[in-house]
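> Sharing a model prediction with you, sequence too.
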Number of protein chains: 2
Amino acid sequence: MAQRVVPEAIDPEAVEAARAAAMPEEMLHLVVGVFDALSDPTRARILYALTGRPMCVRDLAIITGVSESAVSHQLRFLRDRRLVKPARDGNIIRYSLDDHHVGALFREAEYHADHVRQAIPDHPYS
Amino acid sequence: MAQRVVPEAIDPEAVEAARAAAMPEEMLHLVVGVFDALSDPTRARILYALTGRPMCVRDLAIITGVSESAVSHQLRFLRDRRLVKPARDGNIIRYSLDDHHVGALFREAEYHADHVRQAIPDHPYS
DNA sequence: CCACTATCTGAGCAAACGTTCAGGTAAGGG
DNA sequence: CCCTTACCTGAACGTTTGCTCAGATAGTGG
């Protein structure tokens, strides 16, 4: 009669181990935040450009192909997450990377991209 | 009379350099794809758990706190991007990481998280 | 075979996202 | 001073996202 209501673990040891090794909630929030910052083409282009040199809003708009307003919105997003920092120079504001780890993240992601392209010669995403 | 219609670069050299160093469109697509996979809390929890050991859908649902259906949907997403791979074992299917770079990405992101928390002792995101 | 288990799939929906538009602020030059 | 330049901001919008629900599929054991 009494049917199972709570789903049981199939491999309780694995679940226990995973729970023990799980990332703290707060850390996960921050980690997901960085990946989120890098998960949009415009933001990725901005950050990748800033990998090489500081740039102002106007020039970033040219590079990314969106409006200056859009760039400004995204820069605020990136500033809030401490990924870029502004530096005033007269009338213009030059943005630069606030964390050198961004470069490393791109490098690792590129390795992964190679891994994918290697698995499927004619690349899998349309 | 003839007013400027096309926005001019403020620092043409920087724009030119950034253009020259820009990531190829196709590569950017793949790179953004990985970050996108890692930018959702549920997917991040799944991948982080799989960092330690292979797991089945049911147990991942327990770990992540969402339904088995939701996990299955996300696993399809991750499978499409070659981030995880399934291995049948009788009736259950165990998923494992398909790319060891995922671990490295988490590590770099954690470094960044430390960078943020260091900058602002009482952590900045609510 | 038939019931059960583990996983998958498609539709539907509320929430979040990225962009543009229009207007606002702050520093610089005539 | 006032106008221009560079950047910021809020509202509105169409799109995308991640979830749940209901039902389908595939392997297992009696």
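In hand now; what should we look at? Numbers count the residues shown, from 1 in each chain, chains lettered A, B, ... in the order given.
> Any idea which helix or strand in chain A has the lowest mean pLDDT?
Lowest by mean pLDDT, DSSP states H and E among the helices and strands of chain A is helix A:101-119, with a mean of 91.
> And chain B, is that helix touching that?
Yes: against chain B, helix A:101-119 shows contacts by C-beta under 8 Å from any C-beta of the partner chain at A:101-102, A:104-106, A:108-113, A:115-117, A:119. C-beta here means a position set from N, CA and C on the backbone, and glycine is covered the same way.
> Restrict that helix to CA atoms and write it as CSV.
Below are the C-alpha coordinates for helix A:101-119, written out as CSV (Å, rounded to 0.1, in the frame of the first residue of the first chain):
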residue,chain,number,x,y,z
HIS,A,101,42.0,35.1,-15.2
VAL,A,102,39.8,36.1,-18.0
GLY,A,103,42.6,35.4,-20.4
ALA,A,104,43.1,31.9,-18.9
LEU,A,105,39.4,31.2,-19.2
PHE,A,106,39.4,32.0,-22.9
ARG,A,107,42.4,29.8,-23.4
GLU,A,108,40.8,26.8,-21.7
ALA,A,109,37.6,27.4,-23.7
GLU,A,110,39.6,27.4,-26.9
TYR,A,111,41.1,24.1,-25.9
HIS,A,112,37.6,22.7,-25.5
ALA,A,113,36.6,24.1,-28.9
ASP,A,114,39.4,22.2,-30.4
HIS,A,115,38.3,19.1,-28.6
VAL,A,116,34.8,19.5,-30.1
ARG,A,117,36.1,20.2,-33.6
GLN,A,118,38.4,17.2,-33.4
ALA,A,119,35.5,14.9,-32.5
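> follow-up on the earlier one: identify, from the residues of helix A:101-119 next to chain B, the entry nearest to residue B:60.
residue A:112 (21.0 Å; C-beta to C-beta).
> leaving aside the residues next to it on the chain, what's closest to the closest one?
Excluding its sequence neighbours, the residue lying closest to residue A:112 (C-beta to C-beta, 6 or more residues apart in numbering or on different chains) is residue B:101, at 4.5 Å.
> Look at the residue of chain A found nearest DNA strand D and say how many residues are nearby.
Scanning chain A for the residue nearest DNA strand D gives residue A:56, at 3.0 Å (criterion: C-beta to the nearest atom of the strand). Close neighbours of residue A:56, defined as other C-beta atoms under 10 Å in any protein chain shown, add up to 22.
> who are the neighbours in contact with it?
Residues in contact with residue A:56 (C-beta atoms under 8 Å, 6 or more residues apart in numbering or on different chains) are A:92-95, B:10-11.
> who's in contact with the residue nearest to residue A:112?
Here residue B:101 is in contact with A:108-109, A:111-112, A:115 (criterion: C-beta under 8 Å, 6+ apart).
> give me the number of residues near the residue lying closest to residue A:78 once chain neighbours are set aside?
Closest residue to residue A:78 apart from its sequence neighbours, by C-beta to C-beta, 6+ apart: residue A:84 at 4.6 Å. Using other C-beta under 10 Å, residue A:84 has 25 neighbouring residues.
> got it, and residue A:57?
For residue A:57, using other C-beta under 10 Å, the count is 20.
> Read off the pLDDT value for residue A:74.
As predicted, residue A:74 sits at a pLDDT of 98.
> Now do the helix or strand containing residue A:76: which elements does it pack against?
Using DSSP states H and E, residue A:76 maps to helix A:68-80. For helix A:68-80, the packing partners by 3 or more C-beta pairs under 8 Å, 6 or more residues apart in numbering or on different chains; DSSP states H and E come out as helix A:41-52, helix A:57-64, strand A:84-89.
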